[in-house]
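K.L.:
A predicted structure for the sequence below; I have some questions about it.
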Amino acid sequence: MQRVLGEILQWTYPADAALSHWLRHHPNLGARDRSEVAEAVYDVLRHLRRYRQFGESGVGPASRRLAILGLAATLGAEALTDGMDAAEAEWLQRVSQIDLATLPRAVRGSIPDWLDERLGAMDSPETLIEALNRQASLDLRVNPLKVERDAMLTELQQGAGRYEPVAMPYSPWGIRMQGRPAINRWPQFENGSIEVQDEGSQLLALLVAPRRGEMIIDFCAGAGGKTLLLGALMRSTGRLYAFDVSAARLARAKPRFARSGLSNVVPVVIDSENDARVKRLAGKAQRVLVDAPCSGIGTLRRNPDLKWRQHPEALAELGQLQERILNSAARCVAPGGRLVYATCSLLAEENEVQAERFLASHPDFERLDAAEILAARLENLKLDGPYVQLRPDVHGTDGFFAAVFERKKKGAAAGAGEAADAGEAEAEMPAEAPAEDAAAGPQDQPD
Ligand SMILES: C[S@@+](CC[C@H](N)C(=O)[O-])C[C@H]1O[C@@H](n2cnc3c(N)ncnc32)[C@H](O)[C@@H]1O
């Protein structure tokens, strides 16, 4: 535990990758030990700032003190009695009695100052930070091409009842479970009937609202989490371009496309947001989704190391990339078509500030009320528009943002330069390996 923490805290690799690598190199550990190490490591990542402060008063190597705190929090202090010396036991007893309410918010919630400043400006920052520090449930989505949610729910309640599967509160395709079942070995996963996907990501499909036969672009498709649901809602008709600059991520999407039974997805590795193949689609797509690269701060429940790996300078660079992607994606939208911008961030600079900047520089687009679009489909989801902003403490989802824009029809946009892009010759697209040919590969992270 002490050694794996030492490696992860170098921040050379994302924590999940570093932990898996370490566990692979320790095959002698049993399943229970592995799960206990993983739980304790994640606990330390969640509470690192506070634990480091507590550790200052202790003795011995710092990583050992962190390991003790993580193990004591996840297994209980009694489980450590035999492994600690008297000084360590006395220190643990002492720090366990510290009243957390006396600590500054950023230490209590274990977040860096730059993040505390930003989250502190939002409503109810305390409950938000607390929720971001809790482990997330496992969110599944059924594949509507293959199965009804309620039928799958009944099947899982019978076969995997110990994980307490329940219908999600909002997503019509969602099933929520507790614990960490290895679902990638389940037949329902292998045959493409279920996928891992956070509820917020599922709801995004309702904002894109793709229809049969349309041309849709998923501009930042990554490992295909959002593409899969969009393709299924199109009933595998029309054409769904899955763009990404990362060949590795798109390669991970291909087996998922294959499992899902979709035949309308065209994965395309682009050089950049200005790739010629993007330009050829100017004005062509009825719907374009930009699931933008972002800080991922909304996913801290699953990736607590992000708060330590991210920093404000990187945010500024990300902001410029988000703006460039949004501008290029907008050119692909047909008159009357829809552009959806989404992030798994809670930070204004990646969310509403980007959306407002886009609107100000694109007079040929108007904003639709994203909250109203969702409310029309989900009676129990009450949001203040015009954007969709989901929070773990309020909605039980990852932190999530979405804005919806519509490109004005030609007459309405007269004089607005961007609309001139619309109506170019049919795009010639590259021949990419069809999804059905894809080889099996690893399961993606929840998205
Ligand atoms: C939030 S992730 C997308 C997750 C994905 N939509 C899913 O649901 O699995 C953002 C993606 O943007 C991609 N990206 C980064 N720069 C890009 C660019 N200039 N154009 C297109 N995609 C880009 C990254 O490779 C990454 O896969």
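P.N.:
That came through, no problem.

K.L.:
I'd assumed Arg287 was in contact with Pro210.
P.N.:
Yes: in terms of C-beta atoms under 8 Å, Pro210 counts as a neighbour of Arg287; the distance is 5.3 Å. To be clear about C-beta, it is placed using only N, CA and C from the backbone, and glycine gets the same treatment.

K.L.:
residues shared between the contacts of these two?
P.N.:
Counting by C-beta atoms under 8 Å, 6 or more residues apart in numbering, the contacts common to Pro210 and Arg287 are Ile216.

K.L.:
neighbours of Phe219, how many?
P.N.:
Using other C-beta atoms under 10 Å, Phe219 has 26 other residues around it.

K.L.:
would you quantify the distance from it to the ligand?
P.N.:
As judged by C-beta to the nearest ligand atom, to the nearest Å, Phe219 and the ligand stand 6 Å apart.

K.L.:
show me what contacts that residue?
P.N.:
Phe243, Glu273, Val288, Leu289, Val290, Asp291, Ile325, Ser328, Ala329, Cys332 are the contacts of Phe219 under C-beta under 8 Å, 6+ apart.

K.L.:
how about 6 Å then?
P.N.:
Phe243, Val290, Ala329 (C-beta atoms under 6 Å, 6 or more residues apart in numbering).

K.L.:
just send those back as CSV, with distance to the ligand too.
P.N.:
Listed next are these as CSV, based on distance: C-beta to the nearest ligand atom, whole Å:
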residue, distance to the ligand
Phe243, 6
Val290, 8
Ala329, 8
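
K.L.:
of those residues - the most surrounded one?
P.N.:
Phe243 (28 neighbours).

K.L.:
three-state assignment of that residue?
P.N.:
Following DSSP: H, G, I helix; E, B strand; the rest coil, we place Phe243 in the strand state.

K.L.:
neighbours around the spatially closest residue to Ala101 that is not a sequence neighbour, how many?
P.N.:
Take Ala101 and drop its neighbours on the chain: the residue closest to it by C-beta to C-beta, 6 or more residues apart in numbering is Arg108, 7.6 Å away. By the criterion of other C-beta under 10 Å, Arg108 has 19 neighbours.

K.L.:
when you give positions from now on, start the count at 440
P.N.:
Sure, I'll start numbering at 440, so the last one becomes Arg547.

K.L.:
now do Arg547 against the ligand, distance only.
P.N.:
Counting by C-beta to the nearest ligand atom, the gap from Arg547 to the ligand is 30 Å.

K.L.:
and if you look at Leu595?
P.N.:
Taking C-beta to the nearest ligand atom, one finds Leu595 at 23 Å from the ligand.

K.L.:
what residues of the stretch of helix or strand that residue belongs to count as buried?
P.N.:
Taking DSSP states H and E as the definition, one finds Leu595 inside helix 588-598. Neighbour counts over helix 588-598 (16 or more other C-beta atoms under 10 Å) mark Arg588, Met591, Leu592, Leu595 as buried.

K.L.:
between these, which is nearest the ligand?
P.N.:
Arg588 (19.5 Å; C-beta to the nearest ligand atom).

K.L.:
surely that closest one meets Arg615?
P.N.:
No: with contact defined as C-beta atoms under 6 Å, Arg588 does not count as touching Arg615 (11.5 Å).
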